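Engineer: sequence first, then the predicted structure, then my questions.
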Amino acid sequence: MQSEVLERFGNYYLLDRIGTGGMAAIYRARPATLDGNGRILVIKRVLPKMADDPSFLQMFRNEIKVCMAFNHPNIIVIHDFGELKKQTFLAMEYIDGKNLKDLIAAHSTLGRNLRIPLAAHIVEQSARGLAYAHSFGNSVTGENLHVVHRDISPHNILIGYDGRVKVIDFGIAKVDQEFTDTTKVGMIKGKARYLAPEQIRGERVDQRADIFALGNVFWELLTQRKLFCHGMDSDLPALQMIQDPNHFIEPPSTYNSEVPAELDYIVLRALTRDRDKRYQTATEMENDLRKFMSKFHPSYSTPQVESELKSIFALEIRKDREFLQELNLRAQAAIAVQPQLEDFARNTKAGNVEKKKTGIMAKLSTQVTVTPLRILVVMALYGAVGLLKMDESYGILERFRVPEHARNILEYLAKQDQARLEKQNAKRQVVPTEHHVERTIAEKPVLIAKKKTQSTRSRISR
């Protein structure tokens, strides 16, 4: 669920929160510079309550260690990481799209299954990304990590509206150098209903555990139902079913007659409980899926995926982009205003207000290129003198929700400018109009009376 944020966080400006778990929050963000306008990324930030949890922080750092060197079109890219205000964070590539959980839910709402080529394409691309991770060797350090994800599920596979498929969240990934697993006794890492039997038994896992989980996801995509669920809320029965050799795993075609025998074979082989009979590598599974696509859907590719997704989520895409554009505009205004506000505040104390106002105006005219934004920033800094009336100014400020400190400066500047104008008018000789003469004559007795009263009081006091 999206929630507006709009706050500075180090080198980034957070726009909205798009997800929160028990340990970290996920934000859409942009660089906190004017030149960063239009570039969106994702910030994954550790929640304050987890900042002192060494086991979680180790897991978070593990994700950094595993993913920083990855460079593959089917794995999310990490751009940056660090710690700010005791909060560890990752800056990652932003995928404008959905995870598979949301994709399945959308099809359920529409009352239809995913099209077979779409489901096969997603799993083929996911297998390609996993194959890269499983065999990854860092050419710079010489390390052969052989990463195992251990948490493949519909939540952790994204599909962009542009058709790109990305595997995400390597937070509990295991690398080959870790000869001993640090998982505590009785603790299972990963989502229970997508675990491989050997994970549940506490055995050492390898890449074949990810293949089992991907087969589980594929089964769900083809049938629109969870494999190890059967309406139960508890994870314990699911864990028992996964391990039970007598629990028969039905082929996807049992629930979806459009699934061909070739896909039944691929799914069931990936879901074999005996890992020695499973696909031994993700590349093997990817190859079988590519052969299937070449035989039955040779023309199906990324543009067709993009077309399908944009058709399903058309209204949501339009609303979200309008929302994101507004957030970005307001962030751009705040970023442009902030250094000028700080500069103005310093020089107000120093008594150089008028000089600095002129300098700020000149600087802004070259810095900010978006016309509505230029008006907003100039107005927020320079008041509304010569541009807008105060009520019009506040109307625009309300529309763009300019921060309160900018409004305060606007009000201060407007008062200063009003006082200056009144002082100038008092010195200026004005040709009296008929109305002005009548008002002066009418007020003269009052003025005389006031003067008499004042001189009487002065005599009494003497």
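Structural biologist: Yep, it's here.
Engineer: remind me which residues of the stretch 1-150 of the chain are low pLDDT?
Structural biologist: 1-2, 140-142 (pLDDT under 70).
Engineer: now the helices: where do they sit in it?
Structural biologist: 54-67, 100-110, 116-134 (DSSP state H, counting those that start in this stretch).
Engineer: neighbours around residue 332, how many?
Structural biologist: Using other C-beta atoms under 10 Å, residue 332 has 22 neighbouring residues. Yep, even glycine has a C-beta here, placed from its N, CA and C like the rest.
Engineer: give me the contacts around stretch 67-85.
Structural biologist: 9-11, 41, 64, 88-93, 95, 125-126, 128-129, 132-133, 136, 138, 140-141, 158, 164-168, 170 (C-beta atoms under 8 Å, 6 or more residues apart in numbering).
Engineer: outline the domain layout of this structure.
Structural biologist: Per automatic domain parsing, the structural domains of the chain span 1-94, 96-312, 319-427, 430-462.
Engineer: for residue 46, see how far away the closest residue to residue 45 other than its chain neighbours is.
Structural biologist: Excluding the flanking residues, the one nearest residue 45 by C-beta to C-beta, 6 or more residues apart in numbering is residue 89, at 4.4 Å. For residue 89, the distance to residue 46 equals 7 Å [C-beta to C-beta, to the nearest Å].
Engineer: now do residue 247
Structural biologist: Distance from residue 247 to residue 46, by C-beta to C-beta: 39 Å.
Engineer: who has more neighbours, these two?
Structural biologist: residue 46 (20 against 11).
Engineer: list the beta-bridge partners for the nearest residue to the more buried one once chain neighbours are set aside.
Structural biologist: Spatially, and ignoring its direct neighbours in sequence, residue 46 is nearest to residue 88 (4.6 Å; C-beta to C-beta, 6+ apart). Assessed by DSSP bridges, residue 88 has beta-bridge partners residue 83.
Engineer: residue contacts, residue 88?
Structural biologist: Residue 88 touches 45-46, 51, 57, 60-61, 81-82, counting by C-beta under 8 Å, 6+ apart.
Engineer: these: which two are farthest apart?
Structural biologist: 51 and 81 (15.0 Å; C-beta to C-beta).
Engineer: out of these two, which sits in the more crowded spot?
Structural biologist: residue 81 (18 against 14).
Engineer: now that one: how far from residue 43?
Structural biologist: From residue 81 over to residue 43 (counting by C-beta to C-beta), the distance is 10 Å.
Engineer: list the residues that contact both of those two?
Structural biologist: Common neighbours of residue 81 and residue 43 (C-beta under 8 Å, 6+ apart) are 89-91.
Engineer: possible to save the residues you listed as CSV with distance to residue 419 and neighbour count?
Structural biologist: Compiled in CSV, the shared contacts of residue 81 and residue 43 are given as follows (distance: C-beta to C-beta, whole Å; neighbours: other C-beta atoms under 10 Å):
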residue, distance to residue 419, neighbour count
89, 46, 24
90, 51, 24
91, 47, 22
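Engineer: show me which of these is closest to residue 265.
Structural biologist: The closest of the shared contacts of residue 81 and residue 43, once distances to residue 265 are taken by C-beta to C-beta, is residue 90, at 38.5 Å.
Engineer: hang on, the earlier thing: want to throw the helices of the stretch 1-150 of the chain into JSON lines with distance to residue 145 and mean neighbour count?
Structural biologist: Output for the helices of the stretch 1-150 of the chain, formatted as JSON lines (distance: least, C-beta to C-beta, whole Å; neighbours: other C-beta atoms under 10 Å):
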{"stretch": "helix 54-67", "distance to residue 145": "7", "mean neighbour count": "16"}
{"stretch": "helix 100-110", "distance to residue 145": "25", "mean neighbour count": "16"}
{"stretch": "helix 116-134", "distance to residue 145": "8", "mean neighbour count": "24"}
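Engineer: fine, thanks again, bye for now.
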